[in-house]
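In: What shape does this take:
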Amino acid sequence: MKTAYVEFRPASLVATRLLGRVFPSIYFSRVGLLHVADAPPPPLPAPNWVRLRNRACGICGSELHLVFGRGDLGIAPAALPGNLRQYLGHELVGEVVEVGSAVRALRPGDRVVQQKGRSCLSYGVADPCPSCREGNYSRCQREPELGPSQLGGGWSEQCVVPEGQLFPIPPDLSDHEAVLLEPAACGVRAALRCRPRPGERVLIFGAGTMGFFTLQAARAAQPSCYTVVIVQFPFQEDMARRLGADEVWRTTDDIYERTARLTGARLHRGPLGNRMLLGGFDVVYDCVGKSSTLGRALRLTRAGGTVVLVGVELHPLTVDLTPVWHQEVNLAGTVAHGQEDFEGQSISTYDLTLRWWREGKLTFDGFVTHRFPLDRLREALMAAADKKGSHSVKVVLEIG
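Out: Numbers count the residues shown, from 1 in each chain. Okay, the predicted model is just below:
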């Protein structure tokens, strides 16, 4: 079977960083981090595992960071075992073709998406860690002890996965919609990490898949909040308005001036172009996660407000954190999905995402802009990376 993975070797990481911008072909050479191999289908390693024939898989921004060497071996997660080789493709839609003898809920022919990743719950650990007991599998404290989360990933013709890692696709969800369930759930989780209160002003940095789902989820969680989205390209502006943004600003705008006018904040100017607001947005979701966006997010948030870090960067950031103590701005992080407490109910993020989709509060329409077969993986990756040229939102590999 054909399968894709990244392997972090210091020499390859240095080579891709130094030469990749000048010679992009290095990303797809033997020197690069990405490997596409033909390998025999792996056997089921345990009785509670299943084999999937992959049907489709999205390309996530975090995977682009891995492929293009935008990582650093000094960040905290890189110290965990099993993270130096990773099979790619977690936004997968697969069909069960083989089940182990201990599999209980799934049968051949079932359609599934990936949910729980490597966690006590996906492996059926008898005494799960405290986070998994709460249903928050993305915070699993035993992850490094559990072995591989899968053999092969969504960017493969097949993969084998523990049964507990999978979520059955309901009949009313097509494959092209189901491929968006995982990133949509990430947006729901982000919005509920700091749910806006009635009438609060919300700013969203980033107009990719994660920014657009976070926008929809914030409005679903609090319909009376006032939402502003910062976009980079005109096609993103059109989509943000269609998805319900009250205002759309461009990265070329004077964001400090516009924030002051909208929120009534007072803008102060210091030496060397330094600027600071007293007042600002109640909640800011940074769906980019770069030093520049996080630094501005903290300065655009009112005293006592909250910045939720949604976007993923795989290297240390250099950020002015003084607003965290000077203005008591709260800085929160979010990853993936888990169990939510919403309006007095404990519900999985996936189930809440499906509920909001059925109620029309979330739409998947217009997200999938590009589709490629697996043997055109390189083209797919370049389309996903070059948003300015391709106008991509979500790029999907169609596999079987």
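In: show me where this protein has helices.
Out: In the chain, the helices defined using DSSP state H lie at 10-19, 61-67, 120-123, 130-133, 175-178, 181-193, 209-221, 234-242, 255-263, 291-299, 322-326, 349-358, 377-385, 387-390.
In: Okay, buried residues for stretch 313-326 please.
Out: Taking 16 or more other Cβ atoms under 10 Å as the neighbour-count basis, stretch 313-326 is seen to contain the buried residues 313-314, 319, 323. Glycine gets a C-beta too; all of them are placed from N, C-alpha and C.
In: let me fix that: stretch 92-106
Out: Taking 16+ other Cβ under 10 Å as the criterion, stretch 92-106 shows 92-96, 98-100, 103, 106 as buried.
In: C-alpha coordinates for it, PDB please?
Out: This file holds the C-alpha atoms of stretch 92-106, laid out as PDB (Å, rounded to 0.1, in the frame of the first residue of the first chain):
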ATOM      1  CA  LEU A  92      -9.700  10.800   7.500                       C
ATOM      2  CA  VAL A  93     -12.900   9.100   6.300                       C
ATOM      3  CA  GLY A  94     -12.500   5.400   6.100                       C
ATOM      4  CA  GLU A  95     -14.500   2.200   5.600                       C
ATOM      5  CA  VAL A  96     -14.000  -0.700   8.000                       C
ATOM      6  CA  VAL A  97     -12.700  -3.800   6.000                       C
ATOM      7  CA  GLU A  98     -11.400  -6.000   8.800                       C
ATOM      8  CA  VAL A  99     -12.000  -6.200  12.600                       C
ATOM      9  CA  GLY A 100     -10.100  -8.000  15.300                       C
ATOM     10  CA  SER A 101     -11.700 -10.600  17.500                       C
ATOM     11  CA  ALA A 102     -12.300  -8.200  20.400                       C
ATOM     12  CA  VAL A 103     -13.900  -5.400  18.400                       C
ATOM     13  CA  ARG A 104     -17.500  -4.900  19.600                       C
ATOM     14  CA  ALA A 105     -19.200  -1.900  17.900                       C
ATOM     15  CA  LEU A 106     -17.800  -1.800  14.400                       C
END
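In: quick one: average confidence on it?
Out: Stretch 92-106 carries an average pLDDT of 97.
In: contacting residues around that stretch?
Out: Residues external to stretch 92-106 that are found in contact with it (Cβ atoms under 8 Å, 6 or more residues apart in numbering): 44, 46-58, 107-114, 153-154, 158-159, 163, 166, 168-169, 175, 178-179, 400.
In: how distant is the helix or strand bottoming out on mean pLDDT in the chain from the center of its chain?
Out: Of all helical and strand segments in the chain, the minimum by mean pLDDT, DSSP states H and E falls on helix 10-19, at a mean of 82. Using Cα atoms, centre = their mean, to the nearest Å, the distance from the centre of helix 10-19 to the centre of the chain it belongs to is 25 Å.
In: Contacts made by that helix with the rest, please.
Out: Helix 10-19 is touched from outside by 26-27, 31-33, 68-69, 71, 73, with contacts defined as Cβ under 8 Å, 6+ apart.
In: The residues you listed in strands, which ones?
Out: When strands are assigned by DSSP state E, not one member of those lies inside them.
In: tell me which of those residues is nearest to residue 258?
Out: Residue 258 lies nearest to residue 68 out of the contacts of helix 10-19, by Cβ to Cβ, at 32.0 Å.
In: Ramachandran coordinates for the closest one?
Out: The phi and psi torsions at residue 68 (degrees, to the nearest 10) take the values phi -100, psi 20.
In: Next, count neighbours for it.
Out: Residue neighbour count, defined by other Cβ atoms under 10 Å, stands at 20 for residue 68.
In: shouldn't it be in contact with residue 382?
Out: No: taking contact to mean Cβ atoms under 8 Å, the distance of 10.1 Å between residue 68 and residue 382 leaves them out of contact.
In: rewinding a little: of all the helices of the chain, which one is nearest residue 308?
Out: Using Cβ to Cβ as the criterion, the shortest distance between residue 308 and the helices of the chain is 5.0 Å, found for helix 181-193.
In: before we move on, the earlier item: and the contacts of helix 10-19, which of them are buried?
Out: Of the members of the contacts of helix 10-19, the ones counted as buried by neighbours, 16+ other Cβ under 10 Å, are 26-27, 31-33, 68-69, 71.
In: quick one, what contacts residue 122?
Out: Taking Cβ under 8 Å, 6+ apart as the definition of contact, the neighbours of residue 122 are 115-116, 137, 146, 149, 162, 164-165.
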